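Q: turn this into a model:
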Amino acid sequence: MLPKSINGLSEIFGLYDGFILDLWGVVHDGVAPFPDTLPALRGMKKARKKIWLLSNAPRRSYIVVEKLTQMGVTPEMYDGILTSGEASWQALQDKLLAKWGRRCLHIGGGRDSSVYEGLDISIVSDPAGADFVLNSGVEDFSDTLDKYLPLLQKCMTRSLPMLCANPDRTVHVESKLVICAGTLADSYAAMGGEIVYFGKPYRDVYSRCLRDMGTRQVLAVGDSMLTDIAGATAAGIDSVLVTSGLHREEFMGESRLQDFLVNYPYRPSYVMPSFSW
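A: This is a model prediction of the structure:
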């Protein structure tokens, strides 16, 4: 059976007490909210629904809150937020630094430094002096995978474990497709590297959101089959795929939903063109 097509969440809101929303590709495009985002959030709040934001951003949650506020998505529009960067920071503090050591090679831009801020950690520039790799993605949005392969190979030579702070493979920044930490992690895994992931689609982040929400009937809204829909399915909650996000090219022209879904062993409960009320 194919997922039900809807034009907005108001068509099904009575079935759910709370919503887990992806950010990049659903709420905003990396620069600004989508046109229907603010009205949708206001409609959900007016309907007294719990709204939790769950993002694979490799930054602490408070950093993302600041960015959202600058975009006009202010804290009163949602009830909670969890990022993969926050989950990564917590894991480093609670167990991984003690397990791996405190000398860290960070692959990623300075914009992601919050993922290790305040921790008893030493950032090194050479794999030879590292205990582990913290992978938060590319340094520059124009970077390609080839730039990082020699560094990953050096890390593999030393059998360094890797923390992947963003399982996403790619993301749209406005109209540009950018590779994420998940792409680098895929290459490291192909080399035989040990990787620990934090974020969607892994169960821990969903369990934390559901626990904090305290609601029984929850719907996840996302634009990625590999993270949002896979994660919601594994967590046992319904989901809706926004088709104008990461998979937008696959839904152009005469593309059919059935042909698209045949590539995946799971499927969303609903599909809708964009995040709207």
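
Q: who are the contact partners of the nearest residue to residue 128 once chain neighbours are set aside?
A: Nearest residue to residue 128, sequence neighbours excluded (CB to CB, 6 or more residues apart in numbering): residue 158, at 7.0 Å. Where you see a C-beta, it was placed from the backbone N, CA and C, and this is true even at glycine. The contact partners of residue 158, taken as CB atoms under 8 Å, 6 or more residues apart in numbering, are 127, 128, 130.

Q: any chance of those residues in JSON lines, with secondary structure and neighbour count too?
A: Below are the contacts of residue 158 laid out as JSON lines (DSSP: H, G, I helix; E, B strand; the rest coil; neighbours: other CB atoms under 10 Å):
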{"residue": "127", "secondary structure": "helix", "neighbour count": "17"}
{"residue": "128", "secondary structure": "helix", "neighbour count": "11"}
{"residue": "130", "secondary structure": "coil", "neighbour count": "23"}
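
Q: in a strand, residue 187, correct?
A: No. Read with DSSP: H, G, I helix; E, B strand; the rest coil, residue 187 is helix and lies in no strand.

Q: residue 172 belongs to a helix?
A: No. The assignment for residue 172 is strand, going by three-state DSSP, so no helix is present there.

Q: hmm, residue 247 and it touching each other?
A: No. Using CB atoms under 8 Å, residue 172 makes no contact with residue 247, being 10.3 Å away.

Q: check what pLDDT the residue nearest in space to the middle of the chain gets.
A: In the chain, the residue lying closest to the centroid (CA atoms, centre = their mean) is residue 56, at 2.2 Å. Looking at residue 56, its pLDDT reads 96.

Q: and it, how far from residue 210?
A: 17 Å (CB to CB, to the nearest Å).

Q: how about the strands in the stretch 51-200 of the chain?
A: 80-83, 103-107, 122-124, 132-135, 162-164, 170-173, 176-179, 195-197 (DSSP state E, counting those that start in this stretch).

Q: out of those strands, which is closest to residue 89?
A: strand 80-83 (9.1 Å; CB to CB).

Q: pLDDT averaged over that closest one, what's the number?
A: 98.

Q: off-centre distance for that strand?
A: Once both centres are worked out by CA atoms, centre = their mean, to the nearest Å, strand 80-83 turns out to sit 11 Å from its chain's centre.

Q: got the contact list for it?
A: 51-61, 64-65, 199, 205, 208-209, 212-213.

Q: which of those are buried? Put it as a PyMOL command.
A: Here is the PyMOL selection string for the buried members of those, based on 16 or more other CB atoms under 10 Å:
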select buried, resi 51+52+53+54+55+56+57+58+59+60+61+64+65+199+205+208+209+213
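
Q: what packs against the worst-scoring helix or strand of the chain on mean pLDDT?
A: When the helices and strands of the chain are compared on mean pLDDT, DSSP states H and E, strand 170-173 comes out lowest with a mean of 78. Here strand 170-173 touches strand 176-179, going by 3 or more CB pairs under 8 Å, 6 or more residues apart in numbering; DSSP states H and E.

Q: what's the distance between the residue nearest to the centre of the chain and residue 224?
A: 9 Å.

Q: what's the answer for residue 80, then?
A: With CB to CB as the criterion, residue 80 and residue 224 are 21 Å apart.

Q: give me the more crowded residue out of those two.
A: Taking neighbours as other CB atoms under 10 Å, residue 80 and residue 224 compare with residue 224 leading, 26 against 17.

Q: please name the nearest non-neighbouring residue to that one.
A: The nearest residue in space to residue 224 (CB to CB, 6+ apart) is residue 246, at 4.8 Å.

Q: tally of neighbours for that neighbour?
A: Neighbours of residue 246 (other CB under 10 Å): 26.

Q: for residue 18, see how far away residue 237 is.
A: The value you get for residue 237 to residue 18, if CB to CB is used, is 10 Å.
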